[in-house]
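Undergrad: task: produce atomic coordinates for the following.
(chains A and B)
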Amino acid sequence: DSGVTQTPKHLITATGQRVTLRCSPRSGDLSVYWYQQSLDQGLQFLIQYYNGEERAKGNILERFSAQQFPDLHSELNLSSLELGDSALYFCASSPGTSTGELFFGEGSRLTVL
Amino acid sequence: GENVEQHPSTLSVQEGDSAVIKCTYSDSASNYFPWYKQELGKGPQLIIDIRSNVGEKKDQRIAVTLNKTAKHFSLHITETQPEDSAVYFCAARTFQGAQKLVFGQGTRLTINP
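TA: Residues are numbered from 1 along each chain as shown, chains lettered A, B, ... in the order given. All right, here's what the predicted structure looks like:
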């Protein structure tokens, strides 16, 4: 158990809808990272937050947004969903801003029908 | 942006044999190279990492080598066991844009008994 909690584990929704994925980092970790894992696409970095502030941005679509709250949990919002958004979304956390070891949650599997 | 290429995408070896997975990276400023193992239904977990000031690191049956000049690094697993079956990801810390960890596409390793 990495200590990172993600909910929901599975989510099925329709095109055009909006969903929110939630992540609770390990106790004491200030950084939260979001990654997307599609079939044969590896782990694509979306965004990083550190202590409530956006720290780094990757290939995150404009339809996606994220935030980190004062209690350090984070939410990833996906809107106007398309079939191609179907993927595993991973949250990871680390103690600081320097990307050393990342501790990953078990992921949220999103299926868009 | 930073690119990490990983080969092969699938690898099947007999139990007891060795397995080698190779990665190349593009950002010459990259200085940290971790390897993650992802078991079925789980999030990736760090198994070994190497920093740019060393050329090789070992941890029991696992070793990683780094060639900074050629910008490539490799994972070596000796005396493979069935529990080594998993997807393995290499990654590189890049400083292009913002500091972030960029992952390879993954290698599905199968150990045949």
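
Undergrad: where do the strands sit along the chain?
TA: Reading this off chain A. Here chain A has its strands, by DSSP state E, at A:5-7, A:10-13, A:19-24, A:31-37, A:43-50, A:53-57, A:64-68, A:74-78, A:87-94, A:103-104, A:108-112.

Undergrad: think we crossed wires, I meant chain B
TA: Using DSSP E, strands in chain B cover B:4-7, B:10-14, B:19-25, B:32-38, B:45-51, B:56-59, B:62-67, B:72-77, B:86-94, B:100-103, B:107-112.

Undergrad: so for chain A, which of the ones you listed sits nearest?
TA: Proximity to chain A (Cβ to the nearest Cβ) singles out strand B:100-103 among those, at 4.0 Å. C-beta coordinates here come from the backbone N, C-alpha and C atoms, glycine included.

Undergrad: tell me how far that closest one lies from the chain's centre.
TA: How far strand B:100-103 lies from its chain's middle: 12 Å, per Cα atoms, centre = their mean, to the nearest Å.

Undergrad: tell me the buried residues in it?
TA: Neighbour counts over strand B:100-103 (16 or more other Cβ atoms under 10 Å in any protein chain shown) mark B:100-103 as buried.

Undergrad: overlap between those and the residues near chain A?
TA: Among those, the residues lying close to chain A (Cβ under 8 Å from any Cβ of the partner chain) are B:100-103.

Undergrad: how many neighbours does B:Leu109 have?
TA: Residues lying near B:Leu109 (other Cβ atoms under 10 Å in any protein chain shown) number 21.

Undergrad: for A:Tyr50, see how far away it is.
TA: Noted for B:Leu109: a distance of 33 Å to A:Tyr50, by Cβ to Cβ, to the nearest Å.

Undergrad: spell out for me which residue occupies the centre of the chain.
TA: Because you didn't say which chain, this covers chain A. A:Trp34 (3.3 Å; Cα atoms, centre = their mean).

Undergrad: actually it's chain B I care about, not the one you picked
TA: Taking Cα atoms, centre = their mean as the criterion, B:Cys90 is the residue nearest the geometric centre of chain B, at 3.4 Å.

Undergrad: coming back round to it: ranking the strands of chain B by mean pLDDT, which is last?
TA: Among those, strand B:100-103 has the lowest mean pLDDT, at a mean of 90.

Undergrad: flag the shaky bits of chain A, pLDDT-wise.
TA: Across chain A, residues meeting the criterion (pLDDT under 70) sit at A:40, A:99.

Undergrad: near chain B, which residues of it are found?
TA: Neighbours of chain B within chain A, by Cβ under 8 Å from any Cβ: A:2, A:4, A:33, A:35, A:40-45, A:48, A:55-58, A:90, A:92, A:97-102, A:104-107.

Undergrad: select only the buried ones of these in PyMOL?
TA: With 16+ other Cβ under 10 Å as the criterion, this PyMOL line picks the buried residues out of the residues of chain A next to chain B:
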select buried, chain A and resi 2+4+33+35+42+43+44+45+48+55+56+58+90+92+99+100+102+104+105+106+107
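
Undergrad: can you tell me how far the residue of chain A most remote from its centre is from A:Glu62?
TA: Largest separation from the mean C-alpha position in chain A: A:Leu113, at 20.4 Å (Cα atoms, centre = their mean). For A:Leu113, the distance to A:Glu62 (Cβ to Cβ) stands at 23 Å.
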